[in-house]
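Novice: Here is a sequence with its predicted model. Questions after.
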Amino acid sequence: MTAALTGAAVPRAAGTPRLTRWVLRLHRPALYAWTGLVLALAALLLGLRGPLADAAAEGWRQYHACAGPARCSYDQAAILRYKDYANYATTALNALPMLVAGWAGAALVGRELESGTARLAWTQGTSPARWLAVRLAVPAVAVVAGSAALFWLHRLAWRAGEGRIDSAKDWYDRFTFYANGPTTVALALAGLALGALAGLVLRRTLPALVVAMVVITCLRAALEFALPHLWPAVTHVSTTDQGLGGDGLGVAQGVVTRSGARVPVPACGSEAACRAAYADITGRWITYHPSSHYWPLQLTTCALIVAVTGLLVFGSFLALRRVTGAVRAVEAAE
């Protein structure tokens, strides 16, 4: 096999700097696309932090100053524009790990194994372990730099609307929480490691892309399910004539009986059954995470994802050993 058959040149030396330049040159279109995406989202988030937030806040001020619906005049377009653009930015940040996982599985590893470029590189003085290490390290720098800048800007944009814009999302919103903190960076790195592992196991471009994106989506869903239980929650108890309270990320809630027991809200199918069920109830309780738990939840979640990422990287090197073992077997048979 030659470089002409694979459609790409192969580095002649195994030095890490030269191999790094080779990876950058080979995946230059992806680097340009990533840079363009980061810059576009950064511009949108700066707009959401500044003029878009200010216009929406003024629109809500006008709305609350109205004497009545019939005489109400406010800038509804500014409110809706801010809401739409904020949703676009938050959705984009939540989709970053899926995009990174798909690219890593398809282009970073899967395509080179499928075309034979990786095998040719290993015969040109580049060890398989260094080949994989550089392919993980170089994109990781770009992923960390870009996603870290975006989550920081997203948090600034969110803070600009907090308390000023009625339609602004709460800190515990399922999408806002991840876009607002370093969890975005950790998930993107997990997507990179997962994509590399999928590419090494499947050794085909399209299957690796699909599997990597599906699995990182499942990982995100599992993380969202586990999130309320990653840090000790707070329980608030109130009487039946008081508000439930507990403004934050809810974990569980129920009622308090005369004996002081905390039980789930009773289910009743008729008015008589409800009167009987609620006759013994003296209060309500709710277990939740207040806003002060934001950073503990973020850091605990990041630590968990980083641990999973480490396992994925370890699995990638184990899968690489299987791939190189299969290559040696084929070469010996030939």
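Specialist: All right, it came through fine.
Novice: List the contacts of stretch 219-234.
Specialist: 94, 97, 174, 177-178, 187, 190, 194, 246, 248-251, 287-290, 293, 296-297, 300-301, 304-305, 308 (C-beta atoms under 8 Å, 6 or more residues apart in numbering). Where C-beta positions appear, they are placed from N, C-alpha and C, glycine not excepted.
Novice: Are any of those buried, and if so which?
Specialist: 94, 97, 177-178, 187, 190, 194, 246, 248-249, 251, 287-289, 293, 297, 300-301, 304-305, 308 (16 or more other C-beta atoms under 10 Å).
Novice: Filter these down to the ones in strands?
Specialist: 249, 251, 287-289 (DSSP state E).
Novice: Can you give the domain ranges for the chain?
Specialist: Taking automatic domain parsing as the domain assignment, the ranges for the chain are 3-230+293-333, 234-291.
Novice: most neighbours per residue, which of those?
Specialist: Mean neighbour count (mean count of other C-beta atoms under 10 Å) peaks for domain 3-230+293-333 among the domains of the chain, with a mean of 18.
Novice: For that domain, the averaged confidence score.
Specialist: Here domain 3-230+293-333 scores 86 as its mean pLDDT.
Novice: how far is that domain from where the chain is centred?
Specialist: Here domain 3-230+293-333 is found 7 Å from its chain centre; the criterion is C-alpha atoms, centre = their mean, to the nearest Å.
Novice: Check stretch 286-294 too.
Specialist: Here the centre of stretch 286-294 is set off from its chain's centre by 21 Å, with C-alpha atoms, centre = their mean.
Novice: Please give the element, helix or strand, for residue 208.
Specialist: In this structure, residue 208 sits in helix 205-226 according to DSSP states H and E.
Novice: Tell me the helix or strand right after that helix.
Specialist: Past helix 205-226, the next helix or strand by DSSP H and E is strand 234-239.
Novice: That next one pairs with which strands?
Specialist: Here strand 234-239 is paired, per DSSP bridges, with strand 281-289 (antiparallel).
Novice: sec struct for the nearest residue to residue 161 once chain neighbours are set aside, please.
Specialist: Among residues not flanking residue 161 along the chain, residue 168 sits closest, at 3.8 Å (C-beta to C-beta, 6 or more residues apart in numbering). Assigned with DSSP: H, G, I helix; E, B strand; the rest coil, residue 168 falls in the coil class.
Novice: can you name the farthest residue from the center of this structure?
Specialist: In terms of distance from the mean C-alpha position of the chain, residue 272 ranks first, at 47.9 Å (C-alpha atoms, centre = their mean).
Novice: In terms of helices and strands, where is that one?
Specialist: Per DSSP H and E: helix 271-278 holds residue 272.
Novice: same question, residue 200
Specialist: Counting by DSSP H and E, residue 200 is part of helix 183-202.
Novice: Same question for residue 255.
Specialist: Judged by DSSP H and E, residue 255 forms part of strand 249-257.
Novice: What is that strand packed up against?
Specialist: strand 262-263, strand 281-289 (3 or more C-beta pairs under 8 Å, 6 or more residues apart in numbering; DSSP states H and E).
Novice: ok, 10 Å please
Specialist: Applying 3 or more C-beta pairs under 10 Å, 6 or more residues apart in numbering; DSSP states H and E, we find strand 249-257 packed against strand 234-239, strand 262-263, strand 281-289.
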